[in-house]
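Asks: Next come a sequence and a model predicted from it.
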Amino acid sequence: MVQVKRQDRRKVYEYLLMEGVIVIKKDMALPLHSETGVKNLEVWMLLRSLRDKKLVDLVFSWQYYYYYLKAEGVKYVRDKLGIVEDVIPATFKKADKKFEDDVPEQRRGPRGNKPFGRGGNRGPRRAEEGTETAQQQQ
């Protein structure tokens, strides 16, 4: 069992509460976690403990652990830190995105708001070319 200092635990919990997610590289020999400044092994052990209490969700992909804070986990971390309920993790906030305004007008294709496909604008289709040449010959 790894003993984690109170100040290190507080750093990890504060980061997790602010962001709502924490990413840990699967390298236990790594001296420090890049976002928190705490030993990577200690961060992993703390999050593993929270996962065992069903306070965070774990996704493992490409040698990285992704721990997502649940609603119960938010309450638990707030109680541990002694923080009021005003703090909301970034992953719990709704983003105001306007997808139609993201694509500039010149990048829109002939199908309206959808951009050109893989090949871009390659001109008229062959079937259309054949009908045009037949009409021109008449």
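Replies: All right, it came through fine. Residues are numbered from 1 along each chain as shown.

Asks: what's the spacing between Arg10 and Val77?
Replies: 10 Å (CB to CB, to the nearest Å). The C-beta positions use only the backbone N, C-alpha and C, and glycine is treated the same way.

Asks: just Val23 next, same as before
Replies: According to CB to CB, Val23 stands 17 Å off from Val77.

Asks: which of those two has more neighbours?
Replies: Val77 (21 against 14; other CB atoms under 10 Å).

Asks: And what about the more buried one, helix, strand or coil?
Replies: Three-state secondary structure (criterion: DSSP: H, G, I helix; E, B strand; the rest coil) places Val77 in helix.

Asks: How about Ile24?
Replies: The three-state label for Ile24, taken from three-state DSSP, comes out as strand.

Asks: Now do the phi/psi pair for the nearest residue to it once chain neighbours are set aside.
Replies: If the residues on either side of it in the chain are set aside, Ile24 comes closest to Tyr65, at 4.3 Å by CB to CB, 6 or more residues apart in numbering. Main-chain dihedrals, Tyr65, degrees, to the nearest 10: phi -100, psi 130.

Asks: Residues in a beta bridge with Tyr65, which ones?
Replies: According to DSSP bridges, the partner residues bridging Tyr65 are Ile24, Phe60.

Asks: pLDDT value on it, please?
Replies: Note for Tyr65: predicted pLDDT of 92.

Asks: Quick one: mean pLDDT over stretch 94-114.
Replies: Averaging pLDDT along stretch 94-114 gives 59.

Asks: again with stretch 8-19
Replies: Confidence over stretch 8-19, taken as the mean pLDDT, stands at 90.

Asks: Which stretches in this protein count as helices?
Replies: Chain-ordered helices for the chain, with DSSP state H as the definition, fall at 6-19, 40-52, 71-81, 99-102, 126-137.

Asks: right, so those: which one is the most enclosed?
Replies: For those, ranked by mean neighbour count under the definition mean count of other CB atoms under 10 Å, the leader is helix 40-52 at a mean of 19.

Asks: which residues are contacting that helix?
Replies: The list of residues contacting helix 40-52 from outside it, by CB atoms under 8 Å, 6 or more residues apart in numbering, reads 2, 4, 8-9, 12-13, 16, 22, 24-25, 27-28, 30-33, 36, 56-58, 65, 67, 73, 76.
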